[in-house]
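Enquirer: need the 3D shape of this:
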Amino acid sequence: MLLRKLLLTPFYTRIFSVSQYGTVSELYAYSSLLLVLLIHGMETTYFRYSIDKKDEPDTFNHALFSTALFASVFLLFALFCKNGIAELIGYKSNTNYIICFGFIIFFDVITAIPFARLRNQNRALKFSLIKFFNITINVLLNIFFFVICKGSENEFLASLYNDNINVGYAFISNMVASLFSFLMLLPEYKSFKFKISLSKYKVLLNYAWPLIIIGIAGIINEVSDKIFIKHLSAPHLDALQQVGIYAANYKLAVLMTIFIQMFNYAAEPYFFKKSKFADAKESYRVVMNYFVIFCLLIFLVVTLYIDIFKYFIGVKFHSGLPIVPIILLANMMLGIYYNLSVWYKINNMTSSGAVISIIGVVITLLLNVLLIPRIGYWGSAIATFACYFVMVVVSYFWGQKVYKVNYDVGKISVYSFLAVATLYIRKIFVTNNIYSTIAVSTLFILIYVCVLYYFERKNIKQLI
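Expert: Residues are numbered from 1 along each chain as shown. Below you'll find the model as predicted:
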């Protein structure tokens with residue numbers, strides 16, 4: 001999904017108005033919440049109870065049954081209640097949006113566990129190919145509808161585009177791509193057997209239910225800002241325009257987000273498998289160090305080269321560029337939290353993770369409500385960073401009492417301070433000449449990399 005956003009954001013921010021892009025962002029925010037609810041923590045639960053290979057087939061069977069059941073009930077509800085749902089969220093004249101998202105969510109939920117199995121079994125090639133073709137189909141269909149068909153002089157092609165559907169073609173493209181992923185994963189379903197043990201299912205649900213809270217809290221922290229901006233922006237502002245500007249600039253942090261998601265794809269099954277070994281804690285410490293270093297490098301590249309990255313989105317969205325550093329740091333904090341969360345996942349203490357997530361939600365809701373009416377989408381950016389920062393602090397101190405890992409907190413803090421300081425020092429040397437600005441930015445990045453290498457040279461040599 002993130003790569004799809006990466007590729008389609010430049011396209012959407014140029015063909016859609018700011019308000020139309022706000023509509024797309026809002027509806028995907030709702031879908032993200034529904035995905036968490038319907039998958040209900042079964043991905044992580046599957047990894048947890050598939051550590052022993054002999055338990056994997058039975059765990060896969062139960063997890064797939066559970067997600068398929070939830071997805072099917074949801075799809076029926078969406079189809080039969082589409083008019084009421086559309087009116088409830090303010091799109092009563094666009095019930096086709098609800099139908100599309102019903103199928104998108106259905107296919108994404110029922111493929112979640114098969115995708116998790118590919119990750120767990122280190123079948124990276126198949127996983128990557130399916131994801132690649134999903135994105136390719138989605139992008140090509142968007143181009144087909146919005147570039148080739150719209151305004152075409154060919155009668156047949158022009159007939160395929162209806163102005164009343166408008167942004168709905170973006171959702172149709174996604175729906176077809178999601179269907180393709182499902183068809184490509186059909187061989188994974190062959191091992192499914194309708195033999196469900198209630199006692200086994202109860203064990204899985206007991207582990208999973210706090211993950212639902214964690215997931216919902218995570219989505220609230222991630223996407224509720226778009227919804228809040230729509231409803232809490234000052235009366236003199238166009239609310240959907242504010243959503244569109246904020247969402248588009250949020251996407252400039254997508255390099256950080258993609259890195260974190262790719263890391264999680266590999267790290268989550270790795271953390272569970274590694275937990276059986278004596279050197280697990282040392283591995284977690286080393287992973288955290290280099291995770292933060294890569295995140296800080298991404299932070300500097302995006303912020304110091306913002307004069308280049310800003311063309312990733314349309315010019316009409318550039319007024320929101322100053323929030324990008326805050327969003328990048330917020331996403332880095334979220335990634336650090338994912339690393340820290342290993343303590344409650346491997347110790348079957350997912351309810352503790354739920355408590356931390358609820359703390360994060362309270363901060364998100366409170367700060368959004370207080371700040372958006374006063375400073376607009378800046379309030380959402382600040383709320384996002386504050387939420388994830390507090391979650392990191394709480395998880396670290398709580399986790400050290402349960403499962404002590406000697407993370408290099410001092411070193412990580414110094415590296416982070418230097419990265420932020422580098423950004424602000426470089427601003428002194430900004431000129432109207434983009435080439436000189438890029439040259440200075442490159443120099444600062446090289447200096448920062450040299451500093452990192454000086455302090456990490458021994459560890460790097462050991463790794464090599």
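Enquirer: tell me the gap between the helix or strand hosting Ser32 and the middle of its chain.
Expert: Element membership of Ser32 [criterion: DSSP states H and E] is helix 18-39. Centroid separation for helix 18-39 versus its chain: 12 Å, with Cα atoms, centre = their mean, to the nearest Å.
Enquirer: format the CA atom coordinates belonging to the next helix or strand after that helix as CSV.
Expert: Beyond helix 18-39 on the C-terminal side, the first helix or strand identified by DSSP H and E is helix 42-48. The C-alpha trace of helix 42-48 is given here as CSV (Å, rounded to 0.1, in the frame of the first residue of the first chain):
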residue,chain,number,x,y,z
MET,A,42,-4.0,-12.4,13.4
GLU,A,43,-0.8,-11.6,11.4
THR,A,44,1.3,-11.1,14.6
THR,A,45,-0.5,-14.0,16.3
TYR,A,46,0.4,-16.2,13.3
PHE,A,47,4.1,-15.3,13.7
ARG,A,48,4.0,-15.9,17.4
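Enquirer: what's helix 42-48 packed up against?
Expert: With contacts taken as 3 or more Cβ pairs under 8 Å, 6 or more residues apart in numbering; DSSP states H and E, helix 42-48 sits against helix 56-80, helix 112-120, helix 198-232, helix 254-274, helix 342-346. Glycine gets a C-beta too; all of them are placed from N, C-alpha and C.
Enquirer: and of those, who's closest to Ile336?
Expert: With Cβ to Cβ, the closest approach to Ile336 among those belongs to helix 254-274: 9.5 Å.
Enquirer: for the closest one, which positions count as buried?
Expert: Neighbour-count burial for helix 254-274 flags 254-257, 259-260, 263, 265, 267-272, 274 (criterion: 16 or more other Cβ atoms under 10 Å).
Enquirer: what's the answer for stretch 303-316, then?
Expert: Here stretch 303-316 shows 303-304, 306, 309-310, 312-314 as buried, counting by 16+ other Cβ under 10 Å.
Enquirer: Ile358: which element?
Expert: Here Ile358, judged by DSSP H and E, is contained in helix 350-375.
Enquirer: got the angle between that helix and helix 198-232?
Expert: Going by axes from the mean of the first three to the mean of the last three Cα atoms, to 10 degrees, helix 350-375 is angled at 10 degrees with respect to helix 198-232.
Enquirer: could you pull out the buried residues of helix 350-375?
Expert: For helix 350-375, using 16+ other Cβ under 10 Å, the buried residues are 350, 352-357, 359-361, 363-365, 367-368, 371-372.
Enquirer: cool, stretch 111-123 as well?
Expert: Buried residues in stretch 111-123, defined by neighbour count with 16+ other Cβ under 10 Å: 111-120.
Enquirer: between these, which is closest to Leu34?
Expert: Ranked by distance to Leu34 (Cβ to Cβ), the buried residues of stretch 111-123 are led by Ala112 at 12.5 Å.
Enquirer: and the closest one, what does it touch?
Expert: With contact set as Cβ atoms under 8 Å, 6 or more residues apart in numbering, Ala112 has these partners: 39, 42-43, 67.
Enquirer: again, only using 10 Å
Expert: Shown in contact with Ala112 (Cβ atoms under 10 Å, 6 or more residues apart in numbering): 35, 38-40, 42-43, 46, 63-64, 67-68, 71.
Enquirer: how about Leu160?
Expert: Applying Cβ under 10 Å, 6+ apart to Leu160 gives the contacts 144-145, 148-150, 152, 154, 169.
Enquirer: so, low pLDDT: which residues of the stretch 201-350 of the chain?
Expert: Across the stretch 201-350 of the chain, the ranges flagged by pLDDT under 70 are 234-238.
Enquirer: mind doing that once more with 50?
Expert: Across the stretch 201-350 of the chain, nothing is flagged by pLDDT under 50.
Enquirer: on that earlier part again, can you select the buried ones among the contacts of Leu160 for me in PyMOL?
Expert: This is how PyMOL selects the buried members of the contacts of Leu160, with burial counted by 16+ other Cβ under 10 Å:
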select buried, resi 144+145+149+150+169
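Enquirer: which member of the contacts of Leu160 is positioned nearest Ile98?
Expert: Among the contacts of Leu160, and counting by Cβ to Cβ, the member closest to Ile98 is Tyr169, at 15.3 Å.
Enquirer: look up how far Asn138 lies from that closest one.
Expert: Tyr169 is 11 Å from Asn138, where distance means Cβ to Cβ, to the nearest Å.
Enquirer: give me phi/psi at Ile313?
Expert: Backbone torsions of Ile313, given as degrees, to the nearest 10, read phi -120, psi 160.
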